[in-house]
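**Q** have a look at this prediction, sequence included:
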Amino acid sequence: MPRRILHLDLDAFFAAVEQRDKPSLRGKAVVVGGAGPRGVVATASYEARAFGVRSAMSGSEARRRAPRAAFLGGRFDAYRESSRIVMGLLREVSPLVEPLSLDEAFVDLEPSGWPDDELVERVEWLRAELTERTEGLTASVGVGSAKFLAKLASEAGKPDGIRILDPAEELDFLAPLPVRAIPGVGPATEQRLIAIGCYTVADLREADPAELIRELGASAGAGLSELAWGRDARRVEPVRDPKSISTEDTFAVDLTDRAQLEAILVRDAASVVARLNKAGFFARTVTLKVRFADFSTRTIARSLGGATDQVDEITAAGLASLGEVDVRAGVRLLGLGVSGFALAAQERLFGDEEPPPSAVSEASEVGLSGVRGSVRYYPGADVVHDDMGRGWVWGSGLGRVTVRFETRRTGPGPVRTFPESDPALHPAGIDPLARAVAEDEDE
C-alpha cells in the first residue's frame, strides 16, 4: 500500500488570527507587517491579496496597492496559542506530526487507522474540528503518497479546501504543473530549465538525465528527475531540533548611538534565552549580525567555551561582539542568535571569562520596521483599560493612543482616544479566555 501523507496549511494565518480577534476587521483587507518605511509584509488576508498584496512585499508597495488596508504589528503570543491548538489536534490523529512552522505541518496517516475510502469524510471532520477549536480559523489540506505531493495538493485546495490524490492520478496531477512547483526550484533553476526546454513537469520527465546533471549538478539533476516521477522517500519527522534560535530588529531610522544598540541587544538576548530555556537546550555559540545603512552585513560568531543557558553569559558575548563593530555609519539591522546546542550545561574548558555586560538602560522605544516592534502601543497590540475593558490599538502617535474596544467574542466595538500616559490604559497579553481554551486543548 502506498503511504498516505497529509499536509495542512492554515489559510492566511497571521491575518486570519487578527480578523478572528478583531470583529471590525472581518471581511476587510488586513496586512500583518509592513509597518514603517522598511517594513516587509508577513501575511496578507485574502481581501488584501485581491489588491495584489503578497507576503515578502515591501510595506510601501503594499500601502500603494491597498491604501485602506489595516496594517498591524504582529502578536506572536496569539499566533503561538492558535498553533498549539492545531498541532495538538493533529497529534490526536497521528503521533507522526512534523511541524514546518506555526501554520503548517505534515502528518503520516499510517498510525491513524483512517481507511482510504473514508479519507474525504475524515479530512472534512479534521477541518471542521480545527475551525471549532480555534474559534474560526480555516485550513487547506492535501493528501498524497509523498510529502511534496501532499504539499502540492494542499496548494491546489486553497483557500479553505481539500485535495486528496489517488495514487493512480498523481502522475497526471503533476504533469501540467510548471517546473517552479517542484520543491527546491527557485527562479535561477527555473531559468536554467526553461533554457533547455523544460517548462512543465511533463517536459522534465522527457529531458535527458545527463543534460539535467550537466545544467544543475549531479545531486540536483538526479533529484529533480525523481520528483518529476512523484518519487519522494522522505519520512515525516515528528521531532526536529532547531539548529539555531535568533531574533532580529530592522530599524525605521539608522542607529548610531552605541548605548541605544547595547540596550536593544540586552533586550533581545533575554528574548533568545527565554526561547532557549523553553526548548531545553544549552548553547555553545553566540552570533551577532549587524547590517549597515549601505546594506553591507557583518556577522561575528563567538564561542562560549562551553554550553550555557545563562542570560548573563550570552548577553556578555553579544555585547563583546558589538564592541568590535564601528556603528558610526549607521545600523539598519541588529540580530542576535545562539547555536551549537547541547542537552546539558558544559563548563568552560580553560576558565576564560567574557567581560560582564556593560551597564545599559532598558531598550528605549526605537522605531522598528516589520512585524515586531518595541513601541508600547503599536497598531494591533492588545490593551486593557481599567474602565472600558479589553481592546486593541487602532493607532497611536503624538502622545495619544486610539483604541477599539472589542474581542473575538463581541461584535465590533467603540473607538476611544486616550493620552498615552493615561494610568488606566495598559498593554495586555492574550485574552485569558482564549489562553484557557488553548491550555485545555494542550491537555
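**A** Received it, and whenever you're ready, just let me know what you need. Numbering: from 1, shown residues only.
**Q** distance from the chain centre to stretch 190-197, please.
**A** Remark: stretch 190-197 is offset 31 Å from the chain centroid, using Cα atoms, centre = their mean, to the nearest Å.
**Q** wait, doesn't Val17 sit right on Arg80?
**A** No: at 10.2 Å, Val17 does not count as touching Arg80 under the criterion of Cβ atoms under 8 Å. Using the backbone N, CA and C atoms, a C-beta is placed for each residue, glycine as well.
**Q** neighbour count winner among these two?
**A** Val17 (27 against 12; other Cβ atoms under 10 Å).
**Q** wait, a strand at the more buried one?
**A** No: secondary structure of Val17 (DSSP: H, G, I helix; E, B strand; the rest coil): helix, not part of a strand.
**Q** distance check, it against Arg26.
**A** For Val17, the distance to Arg26 equals 12 Å [Cβ to Cβ, to the nearest Å].
**Q** repeat for Leu8
**A** To Arg26, Leu8 is 23 Å away according to Cβ to Cβ.
**Q** quick one, which of these two is more surrounded?
**A** Neighbour count, other Cβ under 10 Å: between Leu8 and Arg26, Leu8 has more, with 29 against 16.
**Q** the more buried one bridge partners, please.
**A** Taking DSSP bridges as the rule, Leu8 bridges to Ala105, Val141.
**Q** show me where the stretch 251-400 of the chain has its helices.
**A** For the stretch 251-400 of the chain, helices defined by DSSP state H, counting those that start in this stretch occupy the ranges 258-279, 311-322.
**Q** okay, buried residues for the shortest one please.
**A** Going by neighbour count (16 or more other Cβ atoms under 10 Å), the buried part of helix 311-322 is Val311, Glu313, Ile314, Thr315, Ala316, Ala317, Gly318, Leu319, Ala320, Ser321, Leu322.
**Q** just send these back as TSV, with distance to Leu174 and pLDDT too.
**A** Putting the buried residues of helix 311-322 into TSV (distance: Cβ to Cβ, whole Å; pLDDT from 0 to 100) gives the following:
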residue	distance to Leu174	pLDDT
Val311	49	92
Glu313	51	92
Ile314	46	95
Thr315	50	95
Ala316	53	94
Ala317	48	94
Gly318	47	95
Leu319	52	95
Ala320	52	94
Ser321	47	95
Leu322	49	95
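**Q** pick out whichever of these sits closest to Leu100.
**A** Nearest to Leu100 out of those is Ile314 (Cβ to Cβ; 27.2 Å).
**Q** walk me through the domains of the chain.
**A** Listed by automatic domain parsing, the domain ranges of the chain are 175-228, 244-369, 382-436.
**Q** still on that earlier bit, now render the helices of the stretch 251-400 of the chain as TSV, adding distance to Val179.
**A** Converted to TSV, these look like this (distance: least, Cβ to Cβ, whole Å):
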stretch	distance to Val179
helix 258-279	37
helix 311-322	42
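**Q** between the ones you listed, which gets nearest to Val53?
**A** Minimum separation from Val53 across the helices of the stretch 251-400 of the chain (Cβ to Cβ) falls at helix 258-279, 28.5 Å.
**Q** got the angle between the closest one and helix 311-322?
**A** Relative orientation of helix 258-279 versus helix 311-322 (axes from the mean of the first three to the mean of the last three Cα atoms, to 10 degrees): 140 degrees.
**Q** low pLDDT regions in the stretch 151-300 of the chain?
**A** Scanning the stretch 151-300 of the chain for pLDDT under 70 picks out 240-241.
**Q** so which elements touch the helix or strand where Val31 lies?
**A** Here Val31 sits within strand 30-33, counting by DSSP states H and E. Packing contacts for strand 30-33, counted by 3 or more Cβ pairs under 8 Å, 6 or more residues apart in numbering; DSSP states H and E, involve helix 13-21, strand 41-44, helix 46-49, helix 59-65, strand 70-72.
**Q** phi, psi of the closest residue to Ala233 other than its chain neighbours?
**A** Closest residue to Ala233 apart from its sequence neighbours, by Cβ to Cβ, 6 or more residues apart in numbering: Ala146 at 7.6 Å. Main-chain dihedrals, Ala146, degrees, to the nearest 10: phi -150, psi 160.
**Q** reformat the helices and strands packed on strand 30-33 as JSON lines; add mean pLDDT.
**A** Output for the helices and strands packed on strand 30-33, formatted as JSON lines (pLDDT from 0 to 100):
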{"stretch": "helix 13-21", "mean pLDDT": "96"}
{"stretch": "strand 41-44", "mean pLDDT": "92"}
{"stretch": "helix 46-49", "mean pLDDT": "97"}
{"stretch": "helix 59-65", "mean pLDDT": "93"}
{"stretch": "strand 70-72", "mean pLDDT": "94"}
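**Q** Throw these into JSON lines and include distance to Pro115, thanks.
**A** Putting the helices and strands packed on strand 30-33 into JSON lines (distance: least, Cβ to Cβ, whole Å) gives the following:
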{"stretch": "helix 13-21", "distance to Pro115": "30"}
{"stretch": "strand 41-44", "distance to Pro115": "36"}
{"stretch": "helix 46-49", "distance to Pro115": "34"}
{"stretch": "helix 59-65", "distance to Pro115": "45"}
{"stretch": "strand 70-72", "distance to Pro115": "43"}
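**Q** select, out of the ones you listed, the one closest to Leu126.
**A** Leu126 lies closest to helix 13-21 among those, at 16.6 Å (Cβ to Cβ).
**Q** any idea how far the closest one is from the chain center?
**A** 14 Å.
**Q** and if you look at stretch 16-30?
**A** Taking the mean of its C-alpha atoms, stretch 16-30 sits 19 Å from the chain's own mean (Cα atoms, centre = their mean).
**Q** buried ones in that stretch, by neighbour count?
**A** The neighbour-count check on stretch 16-30 (16+ other Cβ under 10 Å) flags 16-26, 29-30 as buried.
**Q** in which helix or strand does Pro95 reside?
**A** Counting by DSSP H and E, Pro95 is found in no helix or strand.
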